[in-house]
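> attaching a predicted model along with its sequence, questions to come.
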Amino acid sequence: MDPVSATTLIGTGLKAVRAIVDLTGRLKDAGAKKEILDQTILLQQAINDLQLVVSQLTEQSRSLGDKLHGLEAQQDLKKKLSFRNNSYWNSDDDPPRPYCSACIETKNQTVTLKKADDCRGRCPSCGQLYDDVFGSTSAAIQKSMKEAEVRRKQQEKEYW
């Protein structure tokens, strides 16, 4: 339910409350008792509708929060990735793992490549095949990434 509808429901509930307050002064009249009962029923319906709206908005908020958390985690990982040998690598991984560049660039997903054979890697999500990901070039990449990570940590220590 949208905020405009929720506002309308709140207005209906407030009108019912005002009517009940006004009618309580005329309780001696039998017609007033029936009108109070009718207004009380309307108020209860408005309250039930508002509870449903609050529940829906709470669920929507929770869902958006989960989505935001996932996007933030993806963004944090992307900051740690470097592009080498047609795939992305994360220097924080021990040992470093290759990620599918096609999935990262087109679907905004980080998918770890799996070994297709001794040297090649395949993305389990999109099926993209990468040459020499797990071969000799891969070992050189892993070594250079570890060295870069050591240098980065040393620079952080020197900075602080």
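Great, that's in hand. Residues are numbered from 1 along each chain as shown.
> with Gln60 as the reference, measure out to the residue nearest the centre of the chain.
Central residue of the chain (CA atoms, centre = their mean): Lys67, 0.8 Å from the mean position. Going from Lys67 to Gln60 by CB to CB, to the nearest Å gives 11 Å. Just so you know, the C-beta spots here come from the backbone N, C-alpha and C atoms, and that holds for glycine as well.
> surely Arg120 and Phe134 touch.
Yes - counting by CB atoms under 8 Å, Arg120 touches Phe134, with 7.0 Å between them.
> of the two, who's got more company?
Using other CB atoms under 10 Å, the more surrounded residue of Arg120 and Phe134 is Phe134, with 18 against 15.
> that one: what's it in contact with?
By CB atoms under 8 Å, 6 or more residues apart in numbering, the contact list for Phe134 reads Pro98, Lys115, Asp118, Cys119, Arg120, Gly121.
> now do the contacts for Ala46.
Ala46 makes contact with Leu9, Ile10, Thr12, Gly13, Ala16, according to CB under 8 Å, 6+ apart.
> count the residues that sit near the fourth one.
Spelled out, that is Gly13. Neighbours around Gly13, by other CB under 10 Å: 18.
> with the second one instead?
Neighbour count for Ile10, taken as other CB under 10 Å: 14.
> packing partners of the helix or strand harbouring Asp22?
Assigning secondary structure by DSSP states H and E places Asp22 in helix 3-24. Counting by 3 or more CB pairs under 8 Å, 6 or more residues apart in numbering; DSSP states H and E, the packing neighbours recorded for helix 3-24 are helix 30-80.
> next, the buried residues of the helix or strand just after the helix it packs on.
Moving toward the C-terminus from helix 30-80, the first helix or strand encountered (DSSP H and E) is strand 81-84. Within strand 81-84, the residues scored as buried using 16 or more other CB atoms under 10 Å are Leu81, Arg84.
> elements contacting strand 81-84?
strand 87-90, helix 136-159.
> direction included, what does that strand pair up with?
strand 87-90 (antiparallel) (DSSP bridges).
> show me where this structure dips below the pLDDT cut-off.
Counting by pLDDT under 70, the chain contains low-confidence ranges at 1-4, 23-30, 135-145, 159-160.
> domain map for it?
3-75, 85-159 (automatic domain parsing).
> give me whichever of the ones you listed is most buried.
Highest mean neighbour count among the domains of the chain (mean count of other CB atoms under 10 Å): domain 85-159, with a mean of 15.
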